[in-house]
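In: next comes the sequence, and after it the predicted model I'd like to discuss.
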Amino acid sequence: MCYAASCNPLCGDCRPKRIVQAHCPECGLLAEMSRDEYLIYFELPHRKSVMEKKIIERGGVATPKCVGCGADLTEAFREAVQPAECKSNRIICGFPCGRKNDSYREGSRGCPTMVPLDKL
């Protein structure tokens with residue numbers, strides 16, 4: 001269970017993970033990428049944030065490479081976050097959180113962090 005002041009960025013239970021981790025297929029080293037960098041790099045549809053504007057101003061997101069051996073980690077990061085059905089929003093979400101199994105409620109506001117890939 002999370003507490004508001006100490007939310008684990010790797011958890012993903014109540015909102016999407018803020019940090020995505022992937023292991024290098026060559027050497028096994030763990031690499032990290034922020035959620036904003038992930039959404040920009042894989043060109044997923046989402047609501048833009050202030051942090052995203054700052055990333056773009058700095059030159060965007062470079063191809064993820066392993067710091068240990070230099071291998072391309074694009075596929076490792078792509079496999080780290082699997083799209084899933086979000087029942088509460090009736091979509092296929094490209095970056096799901098732990099609330100994807102909540103039931104749909106008529107009249108509820110849509111999720112501000114959803115990454116809609118398709119409708120259910």
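Out: The structure has been received and is ready for your questions.
In: helices or strands up against the helix or strand of the chain with the lowest mean pLDDT?
Out: The weakest-scoring helix or strand in the chain, judged by mean pLDDT, DSSP states H and E, is helix 50-57 (a mean of 82). Under the contact definition 3 or more CB pairs under 8 Å, 6 or more residues apart in numbering; DSSP states H and E, helix 50-57 sits against helix 35-41. Using the backbone N, CA and C atoms, a C-beta is placed for each residue, glycine as well.
In: I'd like the average pLDDT over the helix it packs on.
Out: For helix 35-41, mean pLDDT rounds to 91.
In: for it, what is the distance to the chain centroid?
Out: 7 Å (CA atoms, centre = their mean, to the nearest Å).
In: other residues contacting the next helix or strand after the least confident helix or strand of the chain?
Out: With elements assigned by DSSP states H and E, the helix or strand that comes after helix 50-57 is helix 74-80. By CB atoms under 8 Å, 6 or more residues apart in numbering, the residues outside helix 74-80 that reach it are 20-25, 31, 33, 38, 41-42, 63-64.
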